[in-house]
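Peer 1: Please work out how this folds:
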Amino acid sequence: MKTNRMLRVLSLLAFLLLLAPFYDSCNGERLLKKADATAEPVVDSTVAVIDSIGIDSTQIASVEIDTFNAPVETYEESFFDKAYEFVDDDESESAFEFAKLSIDSIYDFVTTTSKNNIIDFGLDAVFFNVKNFCFLLIVIVTLLISIFSFRNIKKVNKLSRLNFILLSITVICLFLEGLFESITQIKWGYYAFILVNSLIFCYSKNDIKIKSGIS
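Peer 2: This is a model prediction of the structure:
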């Protein structure tokens with residue numbers, strides 16, 4: 001009975017973890033590189049303005065010195081603010097968001113490739129859509145695990161294995177879709193879900209062994 005209760009708790013936790021941040025598709029490094037590459041040199045037009053107006057440059061210098069010496073108020077985030085941003089990362093996508101994206105993107109991908117050659121889209125688009133579709137399956141499988149945890153432990157064990165396979169495919173697609181730049185893009189929800197799914201697999205396997213030994 002304790003094992004069954006633990007499986008129900010873990011299955012519910014796994015389903016809730018699908019709302020946690022899993023992956024940041026763009027960590028901003030690529031955008032910063034592009035911004036640095038395309039940045040134009042800034043032309044200082046202060047001298048021209050001073051000459052045209054006739055203001056003494058020493059007055060401007062004294063104002064600049066006062067400005068630099070003026071105290072600057074800085075806001076330091078508290079521990080709770082940092083913890084909240086870590087848990088609720090708005091810039092990262094959850095498994096549910098990937099699943100929702102797959103409903104539209106996979107449909108568009110399939111309908112478009114029926115008219116054009118799949119080579120026109122490139123492998124990056126293929127891996128991107130496969131990843132989204134796997135997340136959709138993970139959401140469905142995790143929901144089934146929560147349901148079968150009350151009835152059929154053997155199916156829970158098989159479904160947890162299926163989740164491992166789907167998670168492995170998503171990880172492979174992350175590296176091949178062309179958006180992966182840093183390991184920091186993989187967020188804590190990914191690791192937490194893998195851990196909980198591993199516990200579900202171990203507890204269900206142990207429960208099956210106990211019941212088969214009794215029978």
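Peer 1: Low-confidence stretches in this structure?
Peer 2: For the chain, the stretches with pLDDT under 70 are 1, 26-90, 106, 109, 112-121, 214-215.
Peer 1: Show me where it has its helices.
Peer 2: 2-17, 29-38, 46-53, 57-69, 79-87, 95-113, 122-148, 153-176, 188-214 (DSSP state H).
Peer 1: could these go into JSON lines alongside mean neighbour count and distance to residue 23?
Peer 2: For the C-beta atoms, the positions are set from N, CA and C on the backbone; glycine is no exception. Converted to JSON lines, those look like this (neighbours: other Cβ atoms under 10 Å; distance: least, Cβ to Cβ, whole Å):
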{"stretch": "helix 2-17", "mean neighbour count": "18", "distance to residue 23": "13"}
{"stretch": "helix 29-38", "mean neighbour count": "10", "distance to residue 23": "15"}
{"stretch": "helix 46-53", "mean neighbour count": "10", "distance to residue 23": "46"}
{"stretch": "helix 57-69", "mean neighbour count": "10", "distance to residue 23": "42"}
{"stretch": "helix 79-87", "mean neighbour count": "11", "distance to residue 23": "15"}
{"stretch": "helix 95-113", "mean neighbour count": "16", "distance to residue 23": "8"}
{"stretch": "helix 122-148", "mean neighbour count": "20", "distance to residue 23": "9"}
{"stretch": "helix 153-176", "mean neighbour count": "18", "distance to residue 23": "7"}
{"stretch": "helix 188-214", "mean neighbour count": "16", "distance to residue 23": "7"}
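Peer 1: right, so of those helices, which gets closest to residue 182?
Peer 2: Closest approach to residue 182 among the helices of the chain is made by helix 29-38 (6.7 Å; Cβ to Cβ).
Peer 1: what separates the closest residue to residue 211 other than its chain neighbours from residue 123, distance-wise?
Peer 2: The shortest distance from residue 211 to any non-neighbouring residue, by Cβ to Cβ, 6 or more residues apart in numbering, is to residue 153 (7.6 Å). Using Cβ to Cβ, to the nearest Å, residue 153 is found at 40 Å from residue 123.
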